[in-house]
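In: Pasted the sequence and its predicted model underneath.
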Amino acid sequence: MSTDTAVQPRGQVNDHQTPVISVRNLWKVFGPNAERVPGSAELAALSRRELRERARCTAAVREVSFDVAPGEVFVVMGLSGSGKSTLVRCLTRLIEPTAGEVVFEGEDILRADKKRLRELRRRKFSMVFQHFGLLPYRTVVDNVGYGLEIRGAGRAERIRRANEVIELVGLDGYENAYPDQLSGGMQQRVGLARALAGDPDVLFFDEPFSALDPLIRRDMQNEVIRLHRQVGKTMVFITHDLSEALKLGDRILLMRDGNVVQAGTGDELVGAPADDYVRDFVQDVPRADVLTLRWIMRPARDSDQLDGPELGPGVIVRDAVRTVLAADRPVRVVENGELLGVVGHAEVLDIVAGNQAGA
Amino acid sequence: MATTTMTGSSTRTTPRRRITKPLAVVGLLALWLVAWTLLRGQDMLELPRATLTDLHHWLNDVNDSVGASRNSNPLFLYFFNEIRAVMDALVTFVQGLIAQPAYGRPVPVLGWLGVVALVSYASWAFGNWRVALLAAGGFTLFGLQGLWQESMDTLALTLVAVFVSLLFGIPLGILAGVSDRFHRLITPVLDLMQTMPTFVYLAPLTLVFLIGPASATIATLIYAMPPAIRITAHGIRSVPAPPVEATDSFGATRRQRLTKALLPLSKRTIVLGVNQTIMAALAMVTVAALIDAPGLGKTVIKALQTTDVGTAFNAGVAIVVMAIVLDRVTTAASIRAEQGGGEANPRIRRLLLAGFGLVAAVCSYLSYTYLWASEFPEGGQLGEYLSQGATTVTTWAQHNLADLTAAVKDGVTIALLNPLEALLAESPWWLMGAVIVLLAALIGNLRAAAVAAVCVGLLVGSGLWNASMVTLAMTLVATLLVVTLGVVIGVWMGRSSRADRVIRPVLDAGQTMPAFVYLIPVVALFSVSRFSAIVAGVVYAAPVAIKLVADGVRAIPESTVEAATAAGSNTWQTITKVQLPMARQSLLLATNQGLIYVLSMVVIGGLVGAGALGYEVVAGFSQGQLYGKGLAAGVAIVVLGIMLDRIARAAAQRSDRAPSANQT
Amino acid sequence: MRSIVNKRVLAGVSLSAVAALTLTACGGDKIESTDAADSGDCSTFTIAINPWVGYEANAAVIAHVAETELGCKVVKKDLKEEIAWQGFGTGQVDAIVENWGHDDLKKKYIEDQQTAVNAGSTGVEGVIGWYVPPWMAEEYPDITDWNNLNKYASLFETTESGGKGQLLDGDPSFVTNDEALVKNLGLDYQVVYAGSEPALIQAFRQAEEKKEPVLGYFYDPQWFLSEIELVKVDLPEYQEGCDADPEKVACDYPVYDLDKIVSKSFADANGPAYQLVDNFNWSNEDQNLVARYIAQDNMSPEEAAEKWVEANQDKVEAWLPQS
């Protein structure tokens, strides 16, 4: 059951970069005398239910560690009650963590005093909420400029900046509308604009699209991808939706009962589930859409004719199907001029047909 | 005992516990009955009327020494006297504006035309057209009733009391909204302020703040401030979490969080608090008249001396109308505060604001300058008609209904009240006390049992145990009637909006008509008896219960009722199987509020033959040597209220938790 | 379109403003400032008004005379007895003009605190006792003797009296020994507290109307007696000192000489208003007449006082300060 929780950045993220956020052994326990739980080896080892009965405490986040690299979209995923929303709030201390470290740009946030914390929230972070958290008695402009107002910016500057981001999220023309005059999707665009307005280093998303209709949700996901390309912010994204996680996340952290179950890129989760829980979780994922050739290639055999087409290991299977099937010999998977392995009809068909044993 | 109160383990033993708890209650009651037959009449702790305990003597002495020190004590010289001076000045100022001759003029600064115009203008500006018309009509009515000046005196006093209540109440409420500690601290104080009978503190108030507007205002605001504090705190506490969290996430300071999120988001609730404060202040109009507060209350009290029901009713109607006008206007204002006025064009509104403001100003000027616009024209016969009508109806009722009502009185008294009173008051005190504590533990929890034990101790200590039990019996019967009415009429109103429209103003009248107005008719119909006291309590408390149930029934989602109808339920089944169970929260609240309202009428009950605690309070107010006993009786009423409230809350909490515990 | 609406609204509003202003032209009487209050050696005179009509009759007549004859500015304060007595100490009350006994208050404020002094009798005699409605006295003539009360106890039984006869007591302001009396006279009765005068009056009124039995505590003078002439039940005759121990009392209530109490400073100043109060003296009939004007003829106390004073100039003359 135990997993290596300290995840090393892999895949598209460069190994040598210092992380923006580095979380170590983070605990959040609710209940009386919560602070004794992380320190006590005995209590910390108890299951959630045992802990509740023994100490009347609930551990929402248990000994979680991970790093977020600059510019990355880092997804925390889990079902409801898994502790993911508590986790994201602990990162900015909207909920005070019980124990552990949250290092942001080299500074342990948990040690920051009130003033410093406020400063960080005003300049460095911002957050998009599941239920939008808009102020109903303010217009769109005033909602978007809200963070700036709290920061103490003058009215003219607020309006100028608000109008910029309103345009960025495609809400122009609605500047003077009130939130209750907008659809859910548009309200969340306001939330997004509000978060962007302060030009933060990190954006936190707490299940921002789960209250929206599927079609609008897809639009908004694309919007986030577009904005990420455009503004290149580091993003920490909470969701319970696996396809959303796979679609947006450079890397994904899967939580269950407050624990980290597995952390890695999407294809790592699907290709190498850490345990049965993860396997169950990812079983309905169309594997061809997620896995790359790296996951299905086999070592070249002597019998293989190694003059087929050449593809990189990061190519998604789905995108390679046509090439593989069109070729009459195995496709060579090559990285930096080195032959990593080959992919033939059998491997591709296994995946496309959904054959689990293939991995 | 211990096993039944362990709520945590409820899930595992559900099937067995479901049976044991009611069984335990029944068993306890049965034991009690057996013990009662054996021990009846022992250790009842009866205290003769004229006898005082040491505690009562001591309270008298304290009261006397306060009075004796008023000319030397620095607290008086530099604190109370200053407060009095400020209050007096405030009231005199407002009276000079609208009610009393002032500034060397034979009339107030503003005459009737100016007041009507300004009130209507403000009602329109903060509310809407409909309430502006209502306000204009209502205020003109005062003049037509021949009660212009009395009404303005009442309005002046009410405005000042409300102003001061809000000035302190809203900040305290905000504090109680953001600080759990302060909230816990102030809740029992507010309970005390709201349930302690006014009669208990009227006389000491005049000692401290002298006879005059200051004492009357302070008496009023002691009762009127708690709703402002409670509702403001509630408003702050029930602000939805997401916007507040968002505000925090942007690094707001505590002050920014308050001014930019909490306050704007709870504006509507706070305005409703203003509304409740006004209603509470108006409820004190007649009582404050007992210490020379000017206005409509005096008219009622004077009319009572000559048993002139008609004149009292006329003044009562003015109070009701003032209450309804202020209620509707503030409610409209709270809706505007939340939703805006819905005007399509803000420019037109600005123009209208200016235009009508001008009209109001012109009217005010006229009423300042000309006699016809200042003093309401004489010859309004309306008051006469109202008064004669009320007298006629009362006389008719007492001639034609008295036999019927006497039968009802005898029936309820013999079948319900007497047995219950015998059981409560004739049990030995230790038996009764033990039953109360055990019941609290069984249907509530250990905490409630502990509170009940302390309360039983206080009641015994007050020297008025027996009187408390007699009052408790009446209170329980009255509450039973209130809840019955609440369910029957409340469900009816909840299901039919036409019934609601017709009945609601009647309920408003029942709630705001001063009890002194219907004292005599009640005695005429039900004679001098405990049942008369119960009727007075029901008239006052039932409207609240009915409204709460009606709102609860109406709040049930349409789809649920639809589902029941689709499943082929008939009306009766829909009511009993869907609407009442789903309105359970409202029913509980209605019971609780009904109880508190009944208790607040205990003293009025003392004026129509209830005896017991109510009478002791009245006697303490009337005779100096009984002051200490009256104070003890007042405290006993508060203690009864707190005890019943805490037990009921614990029971409600417990029954709430039961179904949800099964899900986890 | 929008501007047309604007113009119309604006026009309407200004029209009504102008209309209101034209009314000004029609005029009417203007409000004139009043001159400062008329001077005299009597300035402000504050009377407490205790809550019963007989008291109000005394106060109204005194106030009327003080205003018209002495030029005083009279302030009336509606107060219960206890609070009115308190007012002497704080200088907020000058006079109480009908006092029923209240030996406890006399001891506290006249002897102990020395803030009040007695200003002599009003000339009115107060009788307290147990009364029955007239129809009962007719039907059961011997009921007016307390010795026969036990015989009739069952008549007076109600739901409130616990199987005994009901003796109805009234406003708790009044002195009552009734619980001790019932016990010491060996009566099979239970005292039930009506709690207020209106409730008591209503009970008697209804009893007479429907010929129902009622026995209750009442007092004379009281305006209600001129509506229905209640009949007093004779208790063992009052002897000096028979009510000394409230626990053991077994005799009727004494006849009260209703007196006037004034504040010490008011008396010491010895102004005209004080002399008026000090001299004031009339009879039960006088007071009953004025009380009837107020209670039954629906006159205001001021009108009632004026009417009586006009008809009784000679009596009023005697009250005025000699100068």
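Out: Happy to help now that I have it.

In: all contacts plus neighbour counts: C-alpha atoms, from now on.
Out: Fine.

In: quick one: average pLDDT of whichever strand or helix holds B:Gly433?
Out: Here B:Gly433 sits within helix B:429-443, counting by DSSP states H and E. Mean per-residue pLDDT for helix B:429-443: 89.

In: Tell me the buried residues in the next helix or strand after that helix?
Out: Sequence-wise, the next helix or strand downstream of helix B:429-443 (DSSP H and E) is helix B:446-461. Along helix B:446-461, these residues count as buried under the neighbour rule (16 or more other CA atoms under 10 Å in any protein chain shown): B:446, B:448-449, B:451-453, B:455-456, B:458-460.

In: Taking the stretch 251-400 of chain B, what residue is nearest to chain A?
Out: Chain A sits closest to B:Gly251 of the stretch 251-400 of chain B, with a gap of 4.3 Å, by CA to the nearest CA.

In: scratch that, the stretch 51-200 of chain C is what I was asking about
Out: Proximity of the stretch 51-200 of chain C to chain A (CA to the nearest CA) peaks at C:Asp78, 50.3 Å away.

In: Surely that residue touches B:Leu290?
Out: Yes: C:Asp78 is within contact range of B:Leu290, at 6.7 Å (criterion: CA atoms under 8 Å).

In: tell me, what's touching the two both at once?
Out: Counting by CA atoms under 8 Å, 6 or more residues apart in numbering or on different chains, C:Asp78 and B:Leu290 have no contacts in common.

In: packing partners for the helix or strand of chain A with the lowest mean pLDDT?
Out: For chain A, counting by mean pLDDT, DSSP states H and E, helix A:41-44 ranks last in confidence among helices and strands (a mean of 77). Applying 3 or more CA pairs under 8 Å, 6 or more residues apart in numbering or on different chains; DSSP states H and E, one finds that helix A:41-44 contacts helix A:36-39.

In: quick one: buried residues of the helix it packs on?
Out: Under the neighbour-count criterion of 16+ other CA under 10 Å, helix A:36-39 has A:37-38 buried.

In: cool, and stretch B:410-427?
Out: Within stretch B:410-427, judged by 16+ other CA under 10 Å, the buried ones are B:410, B:413, B:417-418, B:420-427.

In: got it, and stretch A:334-350?
Out: In stretch A:334-350, counting by 16+ other CA under 10 Å, buried: A:334, A:339-345, A:347-350.

In: Return the closest of the residues you listed with respect to chain B.
Out: Chain B lies nearest to A:Asp350 out of the buried residues of stretch A:334-350, by CA to the nearest CA, at 42.1 Å.

In: which residues of the stretch 301-450 of chain B fall in helices?
Out: B:309-339, B:346-369, B:371-374, B:382-400, B:402-412, B:418-425, B:429-443, B:446-461 (DSSP state H, counting those that start in this stretch).

In: Output those helices as a markdown table; include the columns distance to B:Ala135.
Out: Shown next, in a markdown table, are the helices of the stretch 301-450 of chain B (distance: least, CA to CA, whole Å):
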| stretch | distance to B:Ala135 |
| --- | --- |
| helix B:309-339 | 6 |
| helix B:346-369 | 14 |
| helix B:371-374 | 18 |
| helix B:382-400 | 18 |
| helix B:402-412 | 38 |
| helix B:418-425 | 47 |
| helix B:429-443 | 48 |
| helix B:446-461 | 46 |
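
In: just so I know, which of those lies nearest B:Ala541?
Out: helix B:309-339 (15.8 Å; CA to CA).

In: What residues of the helix or strand harbouring B:Gly27 count as buried?
Out: Using DSSP H and E, B:Gly27 sits in helix B:14-39. Across helix B:14-39, burial judged by 16+ other CA under 10 Å covers B:24, B:28, B:32, B:36.

In: C-terminal to that helix, which secondary structure element comes first?
Out: That would be, after helix B:14-39 and using DSSP H and E, helix B:54-68.

In: pLDDT on that next one, on average?
Out: 80.

In: for it, the distance to its chain's centre please.
Out: The chain centroid and the centroid of helix B:54-68 are separated by 30 Å under CA atoms, centre = their mean, to the nearest Å.

In: Please apply the same query to stretch B:291-300.
Out: 20 Å.

In: show me the contacts for B:Ile98.
Out: Contacts for B:Ile98 were tallied using CA under 8 Å, 6+ apart; they are B:108-111, B:115, B:152-153, B:156.

In: Same list, those, but as TSV with neighbour count and distance to chain C please.
Out: Below are those laid out as TSV (neighbours: other CA atoms under 10 Å in any protein chain shown; distance: CA to the nearest CA, whole Å):
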residue	neighbour count	distance to chain C
B:Pro108	23	10
B:Val109	23	10
B:Leu110	27	12
B:Gly111	28	11
B:Val115	23	15
B:Met152	24	18
B:Asp153	25	15
B:Ala156	25	18
